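Enquirer: With the input below, show me the fold.
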Amino acid sequence: MSYRISSIDFEDFILSSNECNCWQHNIPNNLGVIKSNKQIIEDNIFMFKTSASINKKLEVKSFSKVSGLCIAINLEDDVIYTDNSNNSKLLFKKDEILIKYVNSYDGSIIFDNFTKTKSLCLVIRDSFLEKYFFNGLNNVKVLKRNFQNHISTNIKKSLASYKTKILANELYNSPFEGDLDTLYLQSKAYEIIYSEFKDIFNLNKENICTCKKVKFNSLDIESLKKAKELILSSQKVYSISDLSKEVALNEFKLKLGFKELFNTTPGSLVLQARMQKAKELLSTGDYNIAEVSSIVGYKHQQSFTVAFTKYFKVNPKELIKNRTYYF
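Expert: A predicted model of the protein is given here:
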């Protein structure tokens, strides 16, 4: 079943310059409700906190004149986005980040039965982008040409970093009001923007390659998928070298394939797996720090402590001492 949102009120909500604006749409026949709250971070940055509760499998179509760089983080159930401007259709999973440069949006969101979604989106306008974003890219002409032709450009889609997920949830659930709330939202939003711009610039530089494009056949792709599954689900903590041997794919193809297929690196996923494993072991109270360090593959306890503290923002000694976890 499909349903189109074409309300003038929705367009007014998107484009208005009110400091805080709320919008709600009840879908007929008790199919669900969609709510959104807009807050202005600064003149060229808008934040949208959107939630939906849908009772039946449904495709909601909409058109809006939202314009700029959109940084969206999905905080709850999976949905499918379609974009008619570039003929794309993608699954937007929980804890994923999607960054698009758009001049208008004409597409749909496909919800499954009894779906509850929650997402945060920062929309950044061109004057801010001219100052801080475009100079860091190599393909600005293509980006702007697509924009002028009302073709959306997907810049990044991947699992959000641990830091970005925390920041997005803090933005969505701000505990403050008034001027303190404004300051709180600005600090968190700027941190996300800085982190994502930096990541995009780094990827942009790494994608400059004078060598011939590496091709991945079906066996390579299966090996890459197996490698990702091993990292995330196996009890063993893999090194890149071990993982390469396990899936019979050389390290160069493994690293490049992760960027091409999953928009991340095997090292990032290995670190995530190590830290989560360490957290679980420490939380049992059955292991000391030296034992956990060895189990998750660190030769030196100090190296483990530094990595753990940087990842979780808490020292493992304090975690053991307090037995209180804020992850």
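Enquirer: Give me the pLDDT value at the residue lying farthest from the centre of the chain.
Expert: No residue in the chain sits farther from the centre than residue 286, which is 34.3 Å out by CA atoms, centre = their mean. Residue 286 is assigned 86 on the pLDDT scale.
Enquirer: Same check on the one 10 residues further on?
Expert: On pLDDT, residue 296 comes in at 84.
Enquirer: three-state assignment of the residue farthest from the centre of the chain?
Expert: Following DSSP: H, G, I helix; E, B strand; the rest coil, the label given to residue 286 is coil.
Enquirer: pLDDT wise, what is residue 282 at?
Expert: Note for residue 282: predicted pLDDT of 90.
Enquirer: give me the element it is part of.
Expert: When elements are assigned from DSSP states H and E, residue 282 belongs to helix 266-284.
Enquirer: Which is the succeeding secondary structure element to that helix?
Expert: The helix or strand immediately downstream of helix 266-284 is helix 289-295, counting by DSSP H and E.
Enquirer: Next, the buried residues of the helix or strand that that next one is followed by.
Expert: Under the assignment DSSP H and E, the closest C-terminal helix or strand after helix 289-295 is helix 301-312. Using 16 or more other CB atoms under 10 Å as the test for burial, helix 301-312 gives 301, 304, 305, 307, 308, 311, 312. For the C-beta atoms, the positions are set from N, CA and C on the backbone; glycine is no exception.
Enquirer: tell me the contacts of the closest residue to the first one other than its chain neighbours?
Expert: By that I understand residue 301. Nearest residue to residue 301, sequence neighbours excluded (CB to CB, 6 or more residues apart in numbering): residue 293, at 4.6 Å. Residue 293 makes contacts with 278, 300, 301, 303, 304, 305, as judged by CB atoms under 8 Å, 6 or more residues apart in numbering.
Enquirer: Name all residues that make contact with the fifth one.
Expert: Spelled out, that is residue 304. For residue 304, the contact set (CB under 8 Å, 6+ apart) comprises 278, 289, 292, 293, 296, 298, 316.
Enquirer: Now do the helix or strand encompassing residue 230 against helix 266-284, angle only.
Expert: Using DSSP H and E, residue 230 falls within helix 218-233. Angular relation of helix 218-233 and helix 266-284 on a 0 to 180 degree scale: 20 degrees, by axes from the mean of the first three to the mean of the last three CA atoms, to 10 degrees.
Enquirer: Show me what helix 218-233 is packed against.
Expert: When contacts are defined as 3 or more CB pairs under 8 Å, 6 or more residues apart in numbering; DSSP states H and E, helix 218-233 packs onto helix 240-246, helix 251-262, helix 266-284.
Enquirer: For residue 41, find the nearest of the ones you listed.
Expert: helix 266-284 (27.8 Å; CB to CB).
Enquirer: Residues touching the closest one, excluding its own?
Expert: 162, 227-228, 231-232, 237-240, 243, 254-255, 258, 287, 289, 291-293, 295-297, 304, 307-308, 311-312, 316, 319-320, 323, 325, 327.
Enquirer: Now with 6 Å, please.
Expert: Here helix 266-284 makes contact (CB atoms under 6 Å, 6 or more residues apart in numbering) with 231, 237, 240, 254, 258, 287, 292, 296, 311, 316, 319.
Enquirer: what do you get for stretch 100-112?
Expert: Against stretch 100-112 from outside (CB under 6 Å, 6+ apart): 54, 57-61, 63-67, 69-70, 79-85, 143, 147, 150, 152-154.
Enquirer: Also stretch 118-138?
Expert: So stretch 118-138 is contacted by 44-51, 68-76, 140, 168, 171-172, 189, 201, 204 (CB under 6 Å, 6+ apart).
Enquirer: now stretch 166-175
Expert: Stretch 166-175 is contacted from outside by 49, 73, 120, 181, 184, 188, 191, 192, using CB under 6 Å, 6+ apart.
Enquirer: Tell me the one of these nearest residue 222?
Expert: Of these, the one sitting nearest to residue 222 (CB to CB) turns out to be residue 73, at 29.7 Å.
Enquirer: Would you confirm that that closest one contacts residue 160?
Expert: Yes: assessed by CB atoms under 6 Å, residue 73 is found in contact with residue 160 at 5.4 Å.
Enquirer: No further queries at this time; thank you.
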